[in-house]
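[1] The sequence and its predicted three-dimensional model are supplied below.
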Amino acid sequence: MSHAKTMEHLKDTILLAALPHVAFDGWSMTALEAGATDAGFTKQSLLHAFPDGTADAIAHWSDWADRKAVVAMQADDVAHLKTHQRIAMGVWARLEAMGRWREAARKATAWLAAPRRAGLASRLTYRTCDAIWRAAGDASTDFNFYTKRGLLGGVLLSTTLYWLQDSSEGNQASSAFLDRRIAEVLRIGGHIGKLRAAVEQFDPQTVLRRFRRSA
């Protein structure tokens, strides 16, 4: 196993063991240390995996969910699906991957909503959108490259926030919400001026701050 894969495995193992503790202790070193102990690792191993503590752990939590979404998209036969259907599949697969630890997802979203974490929140949102678009087969290199990711960022964040509050059976309300948001993006897709404006006005931190005020 390569060093990168070994490190990824270490991070995954500690992260997944820590998530149940996050529900009670928040995204904190207390939760991470408890997770490392449960997984049979020392505090030194924890600091090796997440030298910046909570910030590194939340970034890896996002990366873990991204990887699960991509795997789900690749596992299904998506050749017959339209692009927007593939994108919706990716967003939904990501939410389903986090479903066992919704409280951890809620606390991570609130943590990222702090103004001083705007840079990290934006980077993680972009990374997720890029991963989903690439898994869907996007090969654009022009303005559309950024347009697609900007618009998906809005869909991703709004759907995630809706899902965090959803108490419907099987999260059916969230699924319907995602379909509506995808349809909205399709409706403006043919108007490049509106499309450009939507991308320029999209700000992940604004959306997250609204969530924090309502939480």
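    Noted; the coordinates are in hand.
[2] what stretches of the protein score poorly on pLDDT?
    For the chain, applying pLDDT under 70 flags the ranges 1, 76-77, 188-215.
[3] where exactly do the helices run in it?
    Assigned by DSSP state H, the helices in the chain fall at 3-25, 29-38, 43-49, 54-75, 83-98, 102-112, 118-135, 143-165, 172-188, 192-201, 204-214.
[4] any residues touching the second one, and which ones?
    The set of residues external to helix 29-38 that reach it, using Cβ atoms under 8 Å, 6 or more residues apart in numbering, is 14-22, 24-25, 42-43, 45-46, 50, 53-54, 57. To be clear about C-beta, it is placed using only N, CA and C from the backbone, and glycine gets the same treatment.
[5] Now, of those, which are buried?
    14-22, 25, 46, 50, 54, 57 (16 or more other Cβ atoms under 10 Å).
[6] and the gap between the residue nearest in space to the middle of the chain and Ala75?
    By Cα atoms, centre = their mean, the chain has its centre lying nearest to Ser62, at 4.9 Å. Applying Cβ to Cβ, to the nearest Å, the value for Ser62 to Ala75 is 20 Å.
[7] Repeat that for Glu33.
    Counting by Cβ to Cβ, the gap from Glu33 to Ala75 is 34 Å.
[8] If you count surrounding residues, which of those two has more?
    A count of neighbours by other Cβ atoms under 10 Å puts Glu33 above the other of Glu33 and Ala75, at 19 against 9.
[9] What are the structural domain limits within the chain?
    1-51, 55-214 (automatic domain parsing).
[10] count of neighbours near Lys82?
    Count around Lys82 with other Cβ under 10 Å applied: 11.
[11] For it, give me phi and psi.
    When read as degrees, to the nearest 10, the backbone of Lys82 gives phi -70, psi 160.
[12] I'd like to know how far it sits from Asp25.
    Per Cβ to Cβ, Lys82 is found 43 Å from Asp25.
[13] what does Trp163 give?
    Trp163 is 23 Å from Asp25, by Cβ to Cβ.
[14] what does Arg67 give?
    Arg67 sits at a distance of 25 Å from Asp25 (criterion: Cβ to Cβ).
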